[in-house]
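Visitor: coords please:
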Amino acid sequence: MCGIAGSIGQPLDESLASKVLSALRHRGPDGQGSWHSSPHEVGAWLGHTRLAILDLSSQGNQPMHSECGRWIIVFNGEIYNFLELRLQLQKRGVVFRTESDTEVLLKGLIRHGPDFQLQCNGMWAFCLWDRAEGRAILGRDRFGKKPMFYTVYGRGLGFSSEMKGLYPLMPSVEPSERIDEHFRDLFDYESTEACVIKGIRRLPAGTWMEWKDGKTRLTRWWCTLDHLEHVPQRYEEQVERFRELFLQAVKLRMRADVRIGTALSGGLDSSSTFCAMAHIARSSRDHERMSPDWQHGVCAGFPGSEFDETPSARIVADYVGAPLECVAIDPARSPWTITEALWQTEDPYMTLPLPHLAAYRSMAQMGIKVTLDGHGADDLFCGYVHLRAAFPDASREQTAELLAIERSLSGARYDVESGSVTAARVKERVKNAVRPLLNPLRGRRALAFADQKHPAFQGLDYLTRVLYELFHVTTLPTLLRNYDRYSMASGVEIRMPFLDHRLVTFVFSLPWTSKVGGGYTKRILRDAMKGLMPDEIRLSRTKFGWNAPMHEWLRGPLHGELVQIRDSGQLDAGGRQQIDRFERIGEPTFGQATALWNTVLLPAFWRRSLSLAHRY
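Guide: Purely as a prediction, here's the structure:
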């Protein structure tokens, strides 16, 4: 894991290269390296800032060269099945000199070309430079877990793990012409090439790019719909297969030469991951390259707030027998202002990034370099309120059950035998705060995306089509981007077992009844985890997003920044009036604070954050 950058077709002088790497230093605090082309060859520069996870020796440094010196790679990510791939390549006569996954990727790409990505299980963004042909291959993993941005400048192509790594190469840093559209539709652009900064593009997930002689060509190498499979007909067999795939995914992601942990909220997804780690550590005989130092559940809490999930996280930690590290999030002690936090995260989003940045910073201070987190499960198993998308394929009895499940998600109990729902015992203001976040796409315009025309997509039931869009096009790509920035701001790597491609293709091959039923959403996950985690968490219906008590903070520790942006002259009269109305509310709700954030504060603070580009 690291930060990568480069200039293809145009060399960089040392001063400019240093500025680029300086912009990415937070992604790789353990070292950095550069390579410059010689005067007689096609101009190029490759740079790397390293976060050492596998093979901590200097042999794992990048840019990494082939023995003959022809090929050079910079790589951000992890190839979890690198040991298996390494053995396959060794059987074909390939010799290795390091213990890193970088060398496996380098030599696999040299031997098999970009198609080698199909054999890889992991997350990655890379550039492979062929000095002999003056040809570059840039690749990105299946679901876009690792970022890759690029810009055309002068005679060449610049690329970077973050947009800020390209700013030194650009004449100016300005918002995209479509920035107002992006503010309005925060979930619609992450799966495309569009970016919020003018002149920068994103390499789409599951795509590789070739650069040669100043020309680029994009090839999509992964589409989940091309890899759907025949699944067992019996639900019990589906559960058994899912459990096997999930445990394999977790085990692979425990491979590290450093301390690992989990951002443990006490929700189903992160708790499943942490409990699976405990099960594997106890039962696995093969511990090759698995970190023995994994028992670190970290819960970001808000003491005294309705958003505090520490009690649930403690139930899970006690069940596993591991200590729980509780991090009290206090914006007054944050090293980032709101402006600096948005500079760090780069893209606008509907929640304040301060608590997320603070949580992963605390993990880094605990010596945790890798976390296994539960991202992706909501989009696979219908964790958000999209249950009514199953109505077209549901019988009358199934429709009644879906409605009952929907009513129960606020905390009510569903009785499977009677089909009844008891009254919810949840504070009304918590329900009002959480419910809009359970369905962030409600009321939005329909999106058109290429996979809708795929024959396999047409064969999916309606709910699975909705989940496919959430997973590949809207919600999940946006969250993956955010969590990359949250964690890498402090040099922490997030691994996501639910995004193992084998598990993803299996789940999208299942009927909707395997994802919702028996009184619950996320049905197959809950059933697969039976006996591995406490039922109090496994069967819980309460759904929280990871959100800070922004309504309290804007009247408390962040009030000074609120007043500052109001009086800055940056806002129009309407924006200032909205802040004044918020100030006059006796006890504002989370929903009122969120509305102010999305319509006034986010656009203003984000635009202000661009002024920090002068740092590099």
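
Visitor: tell me which helix or strand of this structure sits lowest on mean pLDDT?
Guide: Ranked by mean pLDDT, DSSP states H and E, the weakest helix or strand in the chain is helix 428-438, scoring a mean of 33.

Visitor: show me the contacts for the residue positioned nearest the centre of the chain.
Guide: Taking CA atoms, centre = their mean, the centroid of the chain lies closest to Leu480, which sits 2.0 Å from it. Taking CB atoms under 8 Å, 6 or more residues apart in numbering, we find Leu480 in contact with Phe143, Gly144, Lys145, Glu190, His375. The way it works is simple: take the backbone N, C-alpha and C, and place the C-beta from them, glycine included.

Visitor: nearest to Arg581, of the residues you listed?
Guide: Closest approach to Arg581 among the contacts of Leu480 (CB to CB): Glu190, at 31.8 Å.

Visitor: wait, the closest one sits on Asn482?
Guide: No: the pair Glu190 / Asn482 is not scored as a contact, 9.3 Å apart, by CB atoms under 8 Å.

Visitor: Spit out the residues that contact these two alike.
Guide: Asp347.

Visitor: Looking at those two now, which is surrounded by more residues?
Guide: Glu190 (25 against 19; other CB atoms under 10 Å).

Visitor: and that one, what pLDDT?
Guide: With respect to pLDDT, Glu190 scores 96.

Visitor: and the gap between it and His182?
Guide: 10 Å (CB to CB, to the nearest Å).

Visitor: got it, and Ser15?
Guide: The gap separating Ser15 from His182 is 33 Å, by CB to CB.

Visitor: Who has more neighbours out of the two?
Guide: Using other CB under 10 Å, the more surrounded residue of Ser15 and His182 is His182, with 19 against 8.

Visitor: Make sure I have this right: that one is in a strand.
Guide: No: assessed with DSSP: H, G, I helix; E, B strand; the rest coil, His182 is helix; it does not lie in a strand.

Visitor: So it sits against Ser176, correct?
Guide: Yes: assessed by CB under 8 Å, His182 is found in contact with Ser176 at 6.8 Å.

Visitor: and for the two, which residues touch both?
Guide: Ala194, Val196.

Visitor: Go ahead and name everything in contact with stretch 92-100.
Guide: So stretch 92-100 is contacted by 54-55, 57, 59-60, 64, 67, 82, 86, 89-90, 103-104, 107, 111 (CB under 8 Å, 6+ apart).

Visitor: So for it, first residue to last residue, what's the gap.
Guide: 19 Å (CA to CA, to the nearest Å).

Visitor: Mind checking the pLDDT average for it?
Guide: Computed over stretch 92-100, the average pLDDT equals 95.

Visitor: do stretch 336-356 as well
Guide: Per-residue scores along stretch 336-356 average to 95.

Visitor: And for stretch 571-586?
Guide: Stretch 571-586 comes out with an average pLDDT of 95.

Visitor: mind pulling up the phi and psi values for Trp208?
Guide: phi -120, psi 150 (degrees, to the nearest 10).

Visitor: same thing with Arg555?
Guide: Per-residue torsions, Arg555: phi -100, psi 0 (degrees, to the nearest 10).

Visitor: Next, count neighbours for it.
Guide: By other CB under 10 Å, 16 other residues sit near Arg555.

Visitor: So it is in contact with Gly586, correct?
Guide: No: Arg555 is not in contact with Gly586 according to CB under 8 Å; the separation is 10.1 Å.

Visitor: what comes up buried for the longest helix anywhere in the chain?
Guide: In the chain, assigned by DSSP state H, the helix with the most residues is helix 235-253. Judged by neighbour count (16 or more other CB atoms under 10 Å), helix 235-253 contains these buried residues: 235, 238-239, 241-243, 245-253.

Visitor: again, but for stretch 16-24
Guide: Ala17, Ser18, Lys19, Val20, Leu21, Ser22, Ala23, Leu24.
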